[in-house]
Each structure stands twice: as C-alpha cells, then as structure tokens.
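Asks: below are the sequence and a predicted model; questions follow.
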Amino acid sequence: MDFSEEQLMRYSRHIILPEVGGKGQKKISNAKVLMIGAGGLGCPVGYYLAAAGVGTIGIVDNDEVELSNLQRQIAHSMNTLGVNKADSAKKTFEALNTDVNVIAIKERINSENILDLMKDYDIVVDGTDNFPTRYLINDACVMLNKPLVSGAILRFEGQVTTIIPGQGHCYRCLFEEPPPAGLVPSCQEAGVLGVLPGVIGALQATEVLKLIIGKGKPLMNQLLIYDALGVDFRKVKVPKNRDCPVCGENPTITNLTDLPEEYCSI
Amino acid sequence: MAVKVKIPVPLQRLTQGKEEVEGAAGTIISLVNDLDQQYPGLAERISENGKLRRFVNIYVNEEDVRFMKNEETEVKDGDEISIVPAIAGGM
C-alpha cells in the first residue's frame, strides 16, 4: 500500500531521515509488535510505537487501572480508572494514531497461552513486573526465534537488553536464575521514580524501531544499566553462554513451565 | 589507588547511600569480603558460601566474571567493578 497525503505528512520527520525513508516507514507500518504489560514500561513503549506508525500492536495485560498507577503509567487516565489496562492503552494509542491496529489481549500470560499469543508477531517487548513471567517470555522467544526487547525498573535504576535468539545472548545467559522470593523487592514494595519507566521504555521503543528498520546496532550481547540518581549510563558485555539451559549447546529447558507462584512476590 | 565498585540501588542501603565505594585489589571473592568488612551484610546479598549468587553478576570493567575465572578473577587497582542484580519491575 502507498502512503496517503496525510500519512506522508504525519511521518514526514521519519521519512526525511535517510536511515528511515519511505522504505523504513513502510517496514514500520507492516511491523507487528507484541507488548507484554501495559504498565510503567508498556505505556511509553506503546505510545512511541503508536506515534511511529507501527502497524499492529498487541498488548497483553490482565490488570485494571488503579489510581496508584497514574504516577507513571502515562497511557491511562482518570477516565479509565477500573478499566482493563490493555483496553485503556488501546483507547489512548488509537486516539493518537488511527493507522495503528491495537489489539487488546486481556489475559494473564502463562506457559499454556504464550506461544499462541506470540506466534503472529515479529518482535516482543517485555514490560512485566515479575521474574517468572520474564523467564517464561525469554524461553518462549528463544523457542520461537522472536527478537525480545527487555526492560526492567526498580527505584532509580533501570536495565535494558535486546535478545536476538540464534545470534546473541538470552535472559538466562545474563541471569542464570531468578532470585528467591523476598530477596529483591518489587516496585510496589520498593517504589519507583515515575519518570524512570519513561526513560527505559523510550530506550526499548528505540530498540524496537531499530530492529524494524534494520539500522544501527541493537543492544545485543550487552546490558544497558541506567542509574537516575548518578546520571550514569553503563553498558556491560553479555556473552552468549554455551551452557545456557535454554539457548546453549545442550539445552535442558525444551518445554515451557510456569515457575512457582511464590516467585511472583519478589 | 584502589578498586572502584559501583553499588546497585537496591544495595545502597548497606553502603550508607553511596553509589560507588572502594575496595582492595585481589580476587573477586576477597574484594567481596573486604567490602563486607566496611559495609556489613553486603557479602551475604551477593554471595553464598564463597560463591556468587546466580542472580547477581559482577563485571570487571565491562566483562562478566562468570566468563573469566568467576570468584577467583583478579582485580587490580584502577579497575571498575559493577555489581548488577537481576531486577524485574515493569509496572
């Protein structure tokens, strides 16, 4: 399909970039991105991807908007208190850009439904708030060979990494095991600076767009760590682990399983 | 000169809020023990029975010690060490 006059105007600041151009913008329009979580990270990621004109955005979230979310979850508002977050975000993103097909998936992701939910998408974005889901998403992306842009936040600190199965590291190469329950506090217990997911989510959206247009270097085999208090961005190397239980030479994890619920309280 | 160690936000409670501390050169595990002398409780958060916990990584400059000599990796004056725990928040 060709861009309409209106679309040419809407995306003109992209199209004028030699790295994007009409060709790149077309790739963006054809891209299908699945966001898991429409919370602190999912809101800015989805906002920027919708603005950029990503053709299909799937949003998986089973929670409802609460007042305590509005300090950082910028796609929700007083008008959507009590509304499912995927529905609330869909409303916001569609108001921004009607070119985008936003699919609200009001489910809790688990080992039974994850492969089916992911299969039609090109790229997955992790914006979840617990370790079991993070490891599950990682394992599913490795098995389906889907690129995964992972972000995490706590208090004043954030982490971003881009996982391209078959080429670079995976989340288990980075952190072999999730911490036991209680050792790492959750945002709910520890707090989070409201703008922090904005910074980390914008970095994730940038990674997604780079993957779509195929330009620049993805955060593959690297972890970016942001410390808001020290204004410190650091990158460390993340080699692919040959002994990784899911993407290594002799994988021991070949089926998806849900970690025990107690991990959820981390 | 000593080894500079970046402390992640969740552990800064143990370092009186300091985001960077200094420790003695030597192996990673001796550095962890040295830091624990200065900031009691730190060693327990990142290691167990002399082994690094599997959800905490330590980087010497930009390199993960798991892909070097792990706890026995030598660090020298001027090296920058980062302690990086897994975090999961997103919402």
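Replies: Good, I have the coordinates. Numbering: from 1, shown residues only, chains lettered A, B, ... in the order given.
Asks: does the residue nearest to residue A:190 when sequence neighbours are not counted have beta-bridge partners, and which?
Replies: Excluding its sequence neighbours, the residue lying closest to residue A:190 (C-beta to C-beta, 6 or more residues apart in numbering or on different chains) is residue A:155, at 5.4 Å. Every C-beta, even on glycine, is put in place using the N, C-alpha and C of the backbone. Counting by DSSP bridges, residue A:155 forms beta bridges with residue A:192.
Asks: just give me the neighbour total for residue A:155.
Replies: 21 (other C-beta atoms under 10 Å in any protein chain shown).
Asks: help me confirm that residue A:6 is found in a helix?
Replies: Yes - under DSSP: H, G, I helix; E, B strand; the rest coil, residue A:6 falls within a helix.
Asks: next, count neighbours for it.
Replies: 10.
Asks: equivalent analysis for the one 5 residues further on, please.
Replies: As a burial measure, residue A:11 scores 23 neighbours (other C-beta under 10 Å).
Asks: right, and it touches residue A:53 too?
Replies: Yes - contact criterion C-beta atoms under 8 Å: residue A:11 and residue A:53 qualify, at 5.7 Å.
Asks: mind listing the shared neighbours of those two?
Replies: When contacts are counted by C-beta atoms under 8 Å, 6 or more residues apart in numbering or on different chains, residue A:11 and residue A:53 are jointly contacted by A:25, A:28.
Asks: low pLDDT regions in chain B?
Replies: Along chain B, the model assigns pLDDT under 70 to residues B:1, B:91.
Asks: and the helices in it?
Replies: B:28-38, B:42-46 (DSSP state H).
Asks: so, low pLDDT: which residues of the stretch 51-200 of chain A?
Replies: Applying pLDDT under 70 to the stretch 51-200 of chain A flags the ranges A:182-189.
Asks: which stretches in the stretch 151-266 of chain A count as strands?
Replies: Assigned strands in the stretch 151-266 of chain A, in chain order: A:157-163, A:222-227, A:232-237 (criterion: DSSP state E, counting those that start in this stretch).
Asks: with chain B instead?
Replies: Using DSSP state E, the strands of chain B run over B:3-6, B:20-23, B:26-27, B:47-48, B:51-52, B:56-60, B:63-64, B:74-75, B:80-85.
Asks: quick one, longest helix in chain A?
Replies: Among the elements of chain A assigned as helix by DSSP H, the one spanning the most residues is helix A:196-213.
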